[in-house]
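Student: Predicted coordinates and the sequence they were generated for:
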Amino acid sequence: MHARSWWPAIGVALAATSVALPAQNIADRYRQNANRISEAALKDSTAWNRLAEMTERFGNRLSGSPSLERAIDWMLETMRADGLQNVRGERVMVPVWVRGSESAELVSPRAQTLPMLGLGGSVATPPGGITADVLVVNSFSDLTAKAAQARGKIVLFDAPFTSYGETVQYRARGAIAAARAGAVAALVRSVTPYSMRTPHTGGMAYDSTVQRIPAAAITVEDAQMLHRMQDRGERIRVTLLMAARMLPDAPSRNVVAELVGSERPDEVVVFGGHIDSWDVGRGAMDDGGGVIVAWEAVRLLQRLGLKPRRTIRVVGWTNEENGGRGGQGYRDAHRSELDKHVLAIESDGGVFKPQGFGFTGSDAAFEIVKQIGTLLDPIQAGTINRGGGGADIAPIMALGVPGMGLIVDGTRYFWYHHTEADTIDKLDAREMALCVAAMAIMAFVAADMPDPLPRAPGS
């Protein structure tokens, strides 16, 4: 736990009282600079323009792809041109999954092409594909009840979207459950609450105790259609062809740049998003925007001459989508410094209109962060909730670093998530600028306060 000059060891009740006054003073102390940051951010559309340039120049950026590495090169070069400090790429070895050619065709009761996307990590079909009858189920328990009918078939999980965390389990574990029932392949209804016959990809897993079978996503509309066909007693037969393959791990990099602290440069607030994306769309929403917004936040602070006591480090983590190696690599490369990481902030929910942050850390730190949140009330982004973080900062949060996740209006996020439709036009320049302001204010105040955020005992 970090020592605090104003934190008296006089018991829980008095400690709670002692937090209130210094925390309240935070808002008064930083209000003028927070307003300056917001005003400057809202006059500048650099974040949106840079995201458009990166995503349209380099396209999607799957780990192990030349497009990802070219985007990283461009980002490092442009950060140096911006005058950011200690700009570097930190080497990380990443998995390489290649989609290859793929298709799905309805053979019976009529011929029709089914738009599809293989799931990340899936194995291939045999060269001639798999043609088999389809069994449609609506849940894992439904499959268990119909297991006797699944052998030798393609199992389709037509699971309606409830929440991402719940429904994504069919994408992640569907191939395991289907293989356990003797299926030859697995299809999943795309994980989305809204569809225009667009398939959604994403990662999936295998279990060493069952055979690895090919897995792909089809559209909501087609999953529902096949389900109705089955309900009418029609025989459903599909040909699935996939040439996916895994290649040996390849080198990539986490993108790192800093605004070095004026008094305690070895103490760090780290924030950012992931630079990689799936191999469809252009990775604008997921998560080029998260990286660009953090980068622009640091550039904005630099331009305003706001140099905090501690270092603010922006990171574009690599390989979040299909391995998490960037977050793990950052933890390993900086393990000896993590006791001086004051806060980690991640943006990986799209850079739509910001609403606030979710925070994971000590009760005392939470009270302070809530006071920082009041500085975001003028831009309607001051909500601070318990519980927050992200996949890339999870490895260092597990070692005691307090973590935060940017909360945005996620109404449309899963409409476009992991699809060909993840392009810059889905994002609004003003909303991105508001995200820049929110990230810049939170990072700056956390990095500049006289005392670091108090950690939970033992962390």
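Tutor: Great, that's in hand.

Student: can we go C-alpha only for contacts and neighbour counts from here?
Tutor: Fine.

Student: ok, the closest residue in space to residue 101 that isn't next to it in sequence to residue 123 distance?
Tutor: Closest residue to residue 101 apart from its sequence neighbours, by Cα to Cα, 6 or more residues apart in numbering: residue 243 at 5.5 Å. According to Cα to Cα, to the nearest Å, residue 243 stands 8 Å off from residue 123.

Student: quick one: common contacting residues for those two?
Tutor: Counting by Cα atoms under 8 Å, 6 or more residues apart in numbering, no residue touches both residue 243 and residue 123.

Student: what element comes up after the host helix or strand of residue 226 heading to the C-terminus?
Tutor: Assigned by DSSP states H and E, residue 226 belongs to helix 220-231. Following helix 220-231 in sequence order, the next helix or strand is strand 237-242 (DSSP H and E).

Student: Surely residue 41 and residue 431 touch.
Tutor: No. Using Cα atoms under 8 Å, residue 41 is not in contact with residue 431; the gap is 10.4 Å.

Student: who's more crowded, those two?
Tutor: residue 41 (25 against 19; other Cα atoms under 10 Å).

Student: tell me the average confidence for the strand or helix carrying the more buried one?
Tutor: In the assignment (DSSP H and E), residue 41 maps to helix 12-42. Average pLDDT, helix 12-42: 72.

Student: I'd like the next helix or strand past it.
Tutor: helix 46-58.

Student: Quick one: list the elements packing against that following helix.
Tutor: In terms of contacts (3 or more Cα pairs under 8 Å, 6 or more residues apart in numbering; DSSP states H and E), helix 46-58 is packed against helix 66-82, helix 289-303, helix 429-448.

Student: Relative to residue 413, which of those is closest?
Tutor: helix 289-303 (12.4 Å; Cα to Cα).

Student: Output the contacting helices and strands for the helix or strand following the closest one.
Tutor: Next helix or strand after helix 289-303 toward the C-terminus (DSSP H and E): strand 310-317. If you count contacts as 3+ Cα pairs under 8 Å, 6+ apart, strand 310-317 packs onto strand 245-259, strand 264-274, helix 289-303, helix 429-448.

Student: now the helices and strands packed on helix 46-58 as CSV including mean pLDDT?
Tutor: Supplementary listing: these in CSV, determined by pLDDT from 0 to 100:
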stretch, mean pLDDT
helix 66-82, 98
helix 289-303, 98
helix 429-448, 98
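
Student: Could you list the low-confidence segments of this protein?
Tutor: Low-confidence segments of the chain (pLDDT under 70): 1-24.

Student: how does it divide up, domain by domain?
Tutor: Domains of the chain are assigned by automatic domain parsing as 12-97+248-448, 100-243.

Student: and those as a markdown table, adding distance to residue 456?
Tutor: A markdown table is the format used below for the domains of the chain (distance: least, Cα to Cα, whole Å):
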| stretch | distance to residue 456 |
| --- | --- |
| domain 12-97+248-448 | 5 |
| domain 100-243 | 27 |
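
Student: could I get the helices and strands packed on strand 310-317 as JSON lines with distance to residue 153?
Tutor: Shown next, in JSON lines, are these (distance: least, Cα to Cα, whole Å):
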{"stretch": "strand 245-259", "distance to residue 153": "23"}
{"stretch": "strand 264-274", "distance to residue 153": "38"}
{"stretch": "helix 289-303", "distance to residue 153": "41"}
{"stretch": "helix 429-448", "distance to residue 153": "46"}
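
Student: hmm, back to that, ok, how many other residues are close to the residue nearest to residue 101?
Tutor: Neighbours of residue 243 (other Cα under 10 Å): 20.

Student: which phi and psi does the residue lying closest to residue 253 once chain neighbours are set aside have?
Tutor: Spatial nearest neighbour of residue 253, excluding adjacent residues (Cα to Cα, 6+ apart): residue 91 at 4.4 Å. Reported as degrees, to the nearest 10, the phi and psi values for residue 91 are phi -60, psi 140.

Student: what residues are up against residue 91?
Tutor: Counted by Cα under 8 Å, 6+ apart, residue 91 has contacts 251-254.

Student: before we move on, what about residue 307?
Tutor: 259-262, 301.

Student: For these, give me JSON lines that also has distance to residue 233.
Tutor: Listed next are the contacts of residue 307 as JSON lines, based on distance: Cα to Cα, whole Å:
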{"residue": "259", "distance to residue 233": "65"}
{"residue": "260", "distance to residue 233": "67"}
{"residue": "261", "distance to residue 233": "69"}
{"residue": "262", "distance to residue 233": "72"}
{"residue": "301", "distance to residue 233": "64"}
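
Student: from these, which two are the most distant?
Tutor: 262 and 301 (13.3 Å).

Student: Which one's more surrounded, these two?
Tutor: Neighbours were counted for residue 262 and for residue 301 using other Cα under 10 Å; residue 301 has more, 24 against 12.

Student: That one against residue 37, yeah?
Tutor: Yes. Residue 301 lies in contact with residue 37 (Cα under 8 Å); the separation is 7.4 Å.

Student: which residues do these two both contact?
Tutor: Common contacts of residue 301 and residue 37, defined by Cα under 8 Å, 6+ apart, comprise residue 440.

Student: Spatially nearest residue to residue 263 (excluding sequence neighbours)?
Tutor: With Cα to Cα, 6+ apart, the residue lying closest to residue 263 is residue 309, at 4.8 Å.

Student: Measure how buried that neighbour is and give me the count.
Tutor: So residue 309, with other Cα under 10 Å, has 23 neighbours.
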